[in-house]
Structure formats: C-alpha cells, structure tokens
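Novice: Sequence below, structure please.
(one chain, ligands or ions: 1)
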Amino acid sequence: MNGESNTNQHAALHSEVKNRFGVVPNFFKLASESPDITENLWGFAKFAYLNNPFPSLFKERMFVYTSRFCEVRYCIARHVGFLAGLGHPSGDAESKTSPVELIIPLLANPLPRDEALGPYLELVKSLQLSKSSAPEQGSQEEYAIFVCVAHLLLFTDRTHDCLDALKEAYSSEDLEYLLVFLTFIRTAHYWTKIHPDLEMEDDLRQLFDVQEKLAEKIFNDPEAGSCELSTQLQTELYTLRRETQLMAQVKATNTALEEASIRKDEFLATLAHELRNPLAPITSGLEAMKIAIKNKDLKALEALRTTMERQSQQLTHLVNDLMDVSRISRGKMSLKLGPVELTDIIASAIDSVATKLEQAGHKFVNDSAKYKSIVVKGDPVRLIQIFSNLLDNAIKYTPYGGEISLSVTMDATNVVVSVKDNGIGIPAHHHEKIFELFSQSADELEAGEQGLGVGLSLVKKLVQMHDGNIEVVSDSPGDGSQFVVRLPTVEFEEQALTSKSEVEVNNGNSCRVLLVDDNKSAADILGMLVLMLGYSVDTVYNGRAALEMAPEICPDIIFMDIGMPELNGYETAQLMNQEAWRRNTVLVALTGWGREEDIQRTKEAGFDHHLVKPIDAEQLKNILHYISNKDHAGLERYLS
Ligand code: ADP
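Specialist: You can find the predicted model right below:
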C-alpha cells in the first residue's frame with residue numbers, strides 16, 4: 001500500500017468513527033501504524049459492540065462497570081465520557097446518556113465475591129431477559145447482571161456459577177451476543193494496554209475538571225480501573241503476600257534462633273568457667289598429693305583431701321541443680337509430700353553449709369529454734385535444698401567476716417522464713433531477673449564474681465511447687481540482701497511427721513559387694529571406699545566378668561555401671577535376672593544418667609535401684625548398713 005492510499009484509508013476510517021461516536025478517540029489516531037489490522041478491528045467493533053443488539057446504554061454501562069476491575073484507565077475514562085454525553089454511547093446517536101449520579105455507582109460498587117455473590121446469582125436466575133431489553137439504569141437487576149458478566153470476564157473462581165445463572169436468564173442465542181460483546185471489551189482492554197502512552201482527549205479533560213467526583217473515582221480511587229482482579233493475578237498476589245509473610249516469619253525465627261544461640265553460648269561459657277573453678281584445684285591438688293605422698297606429709301595430704309572434697313561437692317551440687325531445673329522444666333519432678341517439721345529442715349540446711357559459713361568467717365544468727373512445732377506440707381529433701389541454696393548465696397555474696405541471719409515468723413496461714421545477709425546486695429532493677437534461669441546480677445559480673453544463675457531459679461520453682469512464694473528485699477547495693485520465703489502451714493500430727501532417717505554406723509554385720517564398671521579408676525576408688533567402710537568387695541571391669549564372678553561369691557549387693565562395651569549394664573542385668581543367685585542380691589545401677597527416662601529404663605532392665613554418680617561416702621555407708629542388716633524395707637525407704 002502506498003502512502004497516499006494509506007492516508008486516504010485513514011481519513012475514511014476517521015470519518016466513519018466520527019460518524020458513529022460523534023468524536024474520534026485518540027486511539028484511532030494511531031491507526032496509521034497498522035492500517036489493515038485497525039480496519040479489521042473496526043469491523044469487529046462494529047459487529048460485536050456497536051451493532052450488537054443489546055440496548056446501547058446498557059452496553060456502555062456494562063463496559064464501564066466490567067472495565068473498572070482491569071488496569072485500563074484511559075478506556076474507562078473514554079467510555080465514561082460516552083455515558084456522560086461526550087459522543088454517543090455504543091456509537092448510537094439516538095441513545096440517552098447516564099446522569100453522573102448513575103455513573104458513579106458503576107465506578108464505586110464492589111464486585112461481590114464468595115458468599116456475597118449468592119443473592120445476585122439467584123436474582124439473575126429469576127430474570128427473563130432478552131437482547132432487546134435491559135433493566136432500568138442503576139437497578140438491582142442491572143447490577144446483578146453486570147456482576148455476573150464481570151465474573152465471566154475476569155475468569156474468577158465463580159465464572160462457572162455466573163455463566164450458569166446467565167444461561168437461565170438469557171436464551172442461548174442472546175447469550176452468544178453477550179459473550180461476543182465481552183470478547184470485544186477484552187480486546188479493547190488489550191488495545192489500551194499495548195498503547196500505554198495514549199493521552200486523554202481535551203473533551204475528557206474538560207469533563208473531569210467539572211465533574212470532580214468522577215475524576216476522583218477514576219484517577220485516585222485505587223479500586224477503580226487500577227486493579228486486575230483476575231484469578232491468576234489474585235493467586236499471584238496471594239502467593240507473593242504469603243511469601244513475604246513466610247520470609248518475615250523465617251527472619252523472625254532466625255533472629256530468635258540467633259538470640260537463643262548467643263544465650264546458649266554465653267551459658268556454655270559460664271558453665272565451662274563454673275566447672276573449671278572446682279576442677280582446677282582438684283587437678284593441681286592431685287599433683288600436690290603426689291609430692292605429699294612422696295614426702296609422707298600426712299598433714300598436707302589431709303589439707304589437700306579436704307580442699308578436693310569441698311570442690312567435688314561443689315561440682316556435684318552444680319550438676320544436681322542443673323538436673324533438677326531440667327526435670328522441673330520438663331514437668332518431670334514430683335514431690336514426695338508429707339507433713340514436715342520446719343525446724344528440722346532448717347537445721348539440716350544449716351548443717352549443709354556449716355563448713356562454708358565457718359570458712360567465710362561469718363557470724364551466724366538462727367532464731368528458728370524458738371518455734372518447736374511448725375509443720376508444713378512438703379518434700380523434706382526439696383525444702384532443705386531451698387534453704388541451703390539461700391544460705392549458700394548469702395555466704396557467697398557476703399565479703400569475709402559478714403553477718404548472716406535466719407529468722408522465722410508466723411502469720412495466720414503461713415510460716416515466713418527469712419535469710420538475711422549484710423553483703424553486696426542486689427540492685428532493685430535486678431530483683432525479678434535473678435530468679436530467671438542463667439541470670440546473674442550484671443553488676444556482679446562486672447565485679448568479676450560469677451555464678452551460673454541456676455540456684456535461685458530452682459529455689460523459686462521449688463517454693464512454688466510447695467504453694468509458697470519467695471521475694472527479695474535489698475534496698476541499696478552494699479546494704480545486703482534478704483530473701484523471704486512464705487510457706488503454708490498445716491495442722492500438727494505428731495505421728496505422721498516425716499523425719500530424716502538416722503543411720504547408725506556399721507554394726508559388724510558382714511556384707512559382700514560386687515562392683516562392675518569399665519572405668520577402672522572409678523571402680524577401684526569405690527572399691528577402696530567399701531573396704532574402708534569395713535565390708536568385703538570384688539571389682540570387675542565388664543559385664544561378662546561380672547556374670548562369671550557373681551555365682552562364685554553370691555554378692556549381697558552389686559553396683560553396676562550402664563555404659564560398658566560389649567555387654568552393657570542393661571544386658572548384663574537381664575542375664576543376671578535369669579540366675580538363681582540373683583534372688584538374694586540387690587542390683588543397683590550406678591550411672592551418670594539421672595533423667596526420669598533413664599531411671600525408667602534401668603527399672604525395666606530389672607535393676608532394683610538407680611543411683612546417680614558420684615555416690616558419696618555417707619550414702620554408700622547407709623546403703624551398706626541396710627544391706628548388712630538385711631533391712632531391705634529400710635533400704636527401699638531410704639532410696640525412694
Ligand atoms: P549463682 O549464684 O550461681 O549465680 P543464683 O541463681 O543462685 O545463681 O543467683 C543469681 C544471682 O543473684 C547471682 O549471680 C547474684 O548476682 C544474685 N544473688 C543471689 N543471692 C544473692 C545475695 N544473697 N546477695 C547478693 N546477690 C545475690
């Protein structure tokens with residue numbers, strides 16, 4: 001085609017467009033780029049839109065309502081222009097126009113979805129419609145049809161329901177005309193989209209200058225003309241939003257994990273430090289012992305032994321506290337509750353710290369003796385643990401030569417025990433924090449003093465398990481601290497009191513002990529202790545040897561480790577249980593594992609008792625005493 005005929009064809013199209021619409025929209029001015037296509041599209045527009053038999057105003061209004069959910073502002077603006085009287089709606093010079101107040105709802109009414117769509121579907125189904133008639137402008141019926149058509153155009157999840165409703169309202173031939181019109185609307189949208197530079201015509205600018213509400217809706221309302229509500233787009237948006245949420249969640253989880261990891265690292269560092277504290281003197285003490293033995297210096301040996309004993313007690317104490325906290329936080333700690341004399345408990349707690357008190361040079365005042373019969377419902381072991389921990393801290397956080405007091409008062413329902421010191425004190429802002437696990441008073445750390453921050457957390461939990469409460473009073477740093485424990489009291493019943501079992505020393509009865517542990521040193525040292533307590537002992541280092549030795553010696557008691565190569569403790573115990581000699585032997589697991597599930601497992605393997613290493617001399621002495629007296633019931637009570 002040459003340039004001249006091109007221009008002619010162009011001019012002919014413009015005049016035809018002008019004839020039909022009364023204006024020439026800017027879009028047709030681009031026609032010269034592809035005249036053939038424009039020509040054919042114009043033919044399609046006439047067939048599908050302008051000559052489509054539906055009423056002109058109805059078509060134009062439908063065009064505007066359905067387009068507002070797509071990103072086609074120019075298109076919407078132009079067709080709003082037709083409705084408002086700038087040119088002819090649907091190219092029909094005879095058509096009426098829409099008043100502005102009936103155009104606004106087309107731009108404002110939302111697209112009903114999900115349950116909200118139901119009534120519109122029902123309404124459309126109930127209508128008898130034809131291509132030559134249309135409901136009144138702005139009526140519910142008109143809106144219901146537009147809603148169904150919009151769902152069709154946008155391919156939403158309800159497209160099929162809407163098509164079914166329209167099928168009931170229109171004959172199939174009329175519905176085909178409607179679908180052809182929708183195809184045209186979609187085509188017009190794509191025309192608009194591939195020409196994003198289309199400028200608004202002057203007549204439209206003037207209209208929107210005057211009709212601000214229309215302009216507001218078209219250009220400023222994000223819901224009008226700017227959102228492509230197709231199912232696909234929504235899915236993408238949803239996925240995007242979901243991904244963003246997931247990313248945020250992952251980020252938050254990462255931060256939490258990082259924080260937890262930092263806390264864990266800090267804890268491990270503190271734990272290592274705490275363990276090194278008692279380990280260092282034990283290691284160097286052993287070296288010093290070598291020299292003392294060589295020099296036959298008994299005095300030095302005894303001094304070293306005392307230090308090492310104190311340090312290993314500290315280690316055991318630390319590990320026990322950790323185990324208890326872990327047990328409580330997993331809900332695995334149960335109390336053996338009974339009526340207990342509080343003054344007995346306090347006396348035992350004081351006993352347990354007596355050496356430390358003396359070494360720290362503190363003056364100690366105890367006024368609990370003035371009450372003779374305060375009975376609380378509690379677990380004696382745990383109650384002693386509460387007060388010995390508080391006393392331990394008072395000793396630890398008070399400089400040499402301080403003053404510590406323990407006093408008891410009563411109110412209507414509680415006994416109130418207070419442990420007071422005149423040590424370094426605790427700043428008020430740390431009062432709550434010190435009861436948290438692994439927390440120390442920061443000032444403390446700065447001062448170079450370090451603890452693990454386990455004791456008070458354990459104390460608080462134990463007090464709560466006894467239906468009591470604990471608080472700290474410390475007005476200003478340097479003025480000392482006071483910890484106040486309140487426990488509910490119960491009626492006194494003398495016979496029912498749970499007292500600590502008093503065990504006499506070895507009465508000369510015999511008792512034969514078999515020790516089984518692959519850790520040779522641990523087994524040998526324990527063996528020496530048994531001998532020193534006055535009983536006979538055999539030591540073997542694996543399960544197989546134990547199975548061979550036991551029928552020969554018929555031991556009264558066997559202490560056996562669990563983790564051993566070849567035959568472990570569980571397997572050995574199971575084999576032992578099939579033997580005749582086993583009926584007269586008490587089988588005790590002696591292991592580093594003390595969790596509830598470990599205890600359960602040894603029970604299932606057929607052990608009679610479960611002890612956690614290290615067993616102390618006092619405990620060993622008591623056990624062997626019961627065994628030598630053949631007091632199995634007493635042993636049961638003692639170990640339960
Ligand atoms: P630890 O003593 O092992 O650090 P605790 O849980 O027993 O752990 O105590 C937590 C913190 O509370 C201690 O680090 C210390 O800062 C503070 N604290 C506890 N008791 C006292 C006390 N009597 N005087 C001063 N500070 C104390």
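
Novice: Tell me how many other residues surround the closest residue to the ligand within the stretch 101-250 of the chain.
Specialist: Of all residues in the stretch 101-250 of the chain, residue 249 sits closest to the ligand, at 34.0 Å by CB to the nearest ligand atom. Placement of C-beta: from N, CA and C, glycine included. By other CB atoms under 10 Å, 10 other residues sit near residue 249.

Novice: so how far is residue 262 from it?
Specialist: 20 Å (CB to CB, to the nearest Å).

Novice: what do you get for residue 272?
Specialist: Noted for residue 272: a distance of 16 Å to residue 262, by CB to CB.

Novice: For the stretch 401-550 of the chain, which segments count as strands?
Specialist: 403-410, 414-421, 469-473, 482-488, 512-516, 536-540 (DSSP state E, counting those that start in this stretch).

Novice: how about those, which one is nearest the ligand?
Specialist: Each of the strands of the stretch 401-550 of the chain has some distance to the ligand by CB to the nearest ligand atom; the shortest is strand 414-421, at 5.2 Å.

Novice: Got the phi and psi for residue 586?
Specialist: The phi and psi values for residue 586, taken as degrees, to the nearest 10, are phi -90, psi 130.

Novice: isn't it right up against residue 626?
Specialist: No. Taking contacts as CB atoms under 8 Å, residue 586 lies outside contact range of residue 626: 9.1 Å.

Novice: Next, show the common contact partners of these two.
Specialist: Shared contacts of residue 586 and residue 626 (CB atoms under 8 Å, 6 or more residues apart in numbering): 632, 635.

Novice: Any stretches of the chain with poor pLDDT?
Specialist: By pLDDT under 70, the weakly predicted segments of the chain are 1-9, 30-33, 221-241, 263, 273, 277, 438-452, 475-477, 491-509.

Novice: okay, now the domains of it?
Specialist: With automatic domain parsing as the criterion, the domains of the chain are listed as 2-228, 236-329, 338-494, 512-639.

Novice: picking up where we left off before, just the strands of the stretch 401-550 of the chain: most buried one?
Specialist: strand 512-516 (a mean of 24; mean count of other CB atoms under 10 Å).

Novice: Identify, by residue count, the longest helix of this protein.
Specialist: For the chain, the helix with the greatest residue count under DSSP state H is helix 231-294.

Novice: Three-state assignment for residue 138, please.
Specialist: Following DSSP: H, G, I helix; E, B strand; the rest coil, the label given to residue 138 is coil.

Novice: Okay, it and residue 113: tell me how far apart.
Specialist: Residue 138 is 21 Å from residue 113, by CB to CB.

Novice: So these two - more neighbours on which side?
Specialist: residue 138 (17 against 14).

Novice: List the residues that contact the more buried one.
Specialist: If you count contacts by CB under 8 Å, 6+ apart, residue 138 has them with 102, 105.

Novice: Torsion angles phi and psi at it?
Specialist: Residue 138 adopts backbone torsions of phi 80, psi 0, taken as degrees, to the nearest 10.

Novice: I'd like the distance between it and residue 105.
Specialist: Separation of residue 138 from residue 105 (CB to CB) stands at 6 Å.

Novice: What of residue 98?
Specialist: 10 Å.

Novice: Settle it for me: which of these two has more neighbours?
Specialist: residue 98 (22 against 15).

Novice: contacting residues for the closest residue to that one other than its chain neighbours?
Specialist: Take residue 98 and drop its neighbours on the chain: the residue closest to it by CB to CB, 6 or more residues apart in numbering is residue 83, 4.4 Å away. Neighbour list for residue 83: 57, 60-61, 64, 89, 97-98, 103 [criterion: CB under 8 Å, 6+ apart].

Novice: what's the closest of those to the ligand?
Specialist: Using CB to the nearest ligand atom, residue 64 is the member of the contacts of residue 83 that lies nearest the ligand, at 72.7 Å.

Novice: before we move on, which element is that closest one in?
Specialist: helix 56-67 (DSSP states H and E).

Novice: With just CA atoms, put that helix into CSV.
Specialist: Only the C-alpha atoms of helix 56-67 are listed here, as CSV (Å, rounded to 0.1, in the frame of the first residue of the first chain):
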residue,chain,number,x,y,z
SER,A,56,-26.9,0.9,23.7
LEU,A,57,-26.9,2.5,27.2
PHE,A,58,-26.9,-1.0,28.8
LYS,A,59,-23.9,-2.0,26.7
GLU,A,60,-22.0,1.2,27.6
ARG,A,61,-22.7,0.9,31.3
MET,A,62,-21.7,-2.7,31.3
PHE,A,63,-18.5,-1.7,29.5
VAL,A,64,-17.6,0.8,32.3
TYR,A,65,-18.5,-1.5,35.2
THR,A,66,-16.6,-4.5,34.0
SER,A,67,-13.6,-2.4,33.0
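
Novice: helices and strands around that helix, which ones?
Specialist: helix 73-83, helix 100-108, helix 140-154, helix 172-193 (3 or more CB pairs under 8 Å, 6 or more residues apart in numbering; DSSP states H and E).

Novice: Residue 76 - how many residues pack around it?
Specialist: 27.

Novice: Let me see the backbone angles for residue 69.
Specialist: Phi and psi for residue 69, reported as degrees, to the nearest 10, are phi -90, psi 0.

Novice: My guess is it contacts residue 149. True?
Specialist: No. Under the criterion of CB under 8 Å, residue 69 makes no contact with residue 149, lying 11.1 Å away.

Novice: Taking helix 140-154 as reference, get the angle to the longest helix of the chain.
Specialist: If you take axes from the mean of the first three to the mean of the last three CA atoms, to 10 degrees, helix 231-294 sits at 60 degrees to helix 140-154.

Novice: quick one, helices of the stretch 451-600 of the chain?
Specialist: According to DSSP state H, counting those that start in this stretch, the stretch 451-600 of the chain carries its helices in the segments 455-465, 520-532, 543-553, 569-576, 596-605.

Novice: out of the ones you listed, nearest to residue 290?
Specialist: Closest to residue 290 of these, according to CB to CB: helix 520-532, at 15.2 Å.

Novice: got a list of contacts for that closest one?
Specialist: Applying CB under 8 Å, 6+ apart, the contact partners of helix 520-532 are 513, 515-517, 537, 539-541, 559, 561, 613, 615, 617, 620, 624.

Novice: Could you do stretch 297-310 as well?
Specialist: So stretch 297-310 is contacted by 281-282, 285-286, 288-289, 291-293, 355 (CB under 8 Å, 6+ apart).

Novice: again, but for stretch 603-620
Specialist: With CB under 8 Å, 6+ apart, stretch 603-620 has contacts from 312, 316, 323, 522, 526, 529-530, 533, 559-560, 569-570, 573-574, 576-577, 586-594, 598-599, 602, 635, 639.

Novice: next one: stretch 331-345
Specialist: With contacts defined as CB under 8 Å, 6+ apart, stretch 331-345 is touched by 324, 327, 368-369, 371-384, 387, 408, 415, 417, 465-466, 487, 490, 492-493, 496-500, 595-596, 640.
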